[in-house]
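In: Below is the structure, and that's it, no one-letter string:
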């Protein structure tokens, strides 16, 4: 999943980025409201973490403008303000949740997972396609009773495929959700990672359904 962090306090923004990247998220960070709105309105994100007090365009204005533009990306507002009225204003402006600074990183993670969870996801957030299971919280991947060891980027790619099971995902869509905005992506990067995943979740199980499919001329999908 790809997350945009709009926070003018560099220490906080960079700490969030570091922590989320360790959790396999792709994270872009900007430090002003104008830059935040520009990216949020032109790039494809799964979640926006947004400070309210920003140089340039403030967080409330960003929320209102994105919703006016019919951009419905989940927005988690961060602010030092703790008054009830401030929270109401933020939520009424279009934010989906609210977290007051200072906060525990574990609570931030829990709120991110709640906002990005698919409606049909189970209570423990485990994703399942046939006998392939992925748990975004524990980072465990299993096929049947066998645990699979995959890298962080492979995990992020597999999670994106599984959250969009049966949908054809183009290379551009995969790059937008799995890699950072400024990542150096080579032409064959997606093919390389798809091959790595196949070597771990399909090829070792020749008697089972081959889950990752290439749709020639379009992209890739994982079948249910």
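Out: Received, thanks. On a predicted model such as this, the values are computed, not experimentally measured, just so you know. Numbering: from 1, shown residues only.

In: Next, the buried residues of the helix or strand of the chain with the lowest mean pLDDT.
Out: The weakest-scoring helix or strand in the chain, judged by mean pLDDT, DSSP states H and E, is helix 84-92 (a mean of 77). Along helix 84-92, the positions that meet the burial threshold by neighbour count (16 or more other CB atoms under 10 Å) are 86-87, 89-90. C-beta coordinates here come from the backbone N, C-alpha and C atoms, glycine included.

In: With stretch 69-85 instead?
Out: For stretch 69-85, a neighbour-count test (16+ other CB under 10 Å) marks 73-79 as buried.

In: which outside residues touch stretch 87-107?
Out: 12, 16, 19, 50, 52, 59-60, 63-64, 66-67, 74-82, 108, 111, 114-115 (CB atoms under 8 Å, 6 or more residues apart in numbering).

In: try it again with 7 Å
Out: Taking CB atoms under 7 Å, 6 or more residues apart in numbering as the criterion, the residues outside stretch 87-107 that touch it are 19, 52, 60, 63-64, 66-67, 74-80, 82, 108, 111, 115.

In: does residue 158 belong to a helix or a strand, and which?
Out: Taking DSSP states H and E as the criterion, the element that holds residue 158 is helix 152-163.

In: what mean pLDDT does that helix have?
Out: For helix 152-163, the per-residue pLDDT values average out at 94.

In: name the helices or strands packed onto that helix?
Out: Secondary-structure packing of helix 152-163 (3 or more CB pairs under 7 Å, 6 or more residues apart in numbering; DSSP states H and E): strand 127-129, strand 132-135, helix 171-178, helix 189-201.

In: so where do the helices sit in this structure?
Out: Here the chain has its helices, by DSSP state H, at 10-22, 33-42, 59-68, 84-92, 105-116, 152-163, 171-178, 189-201.
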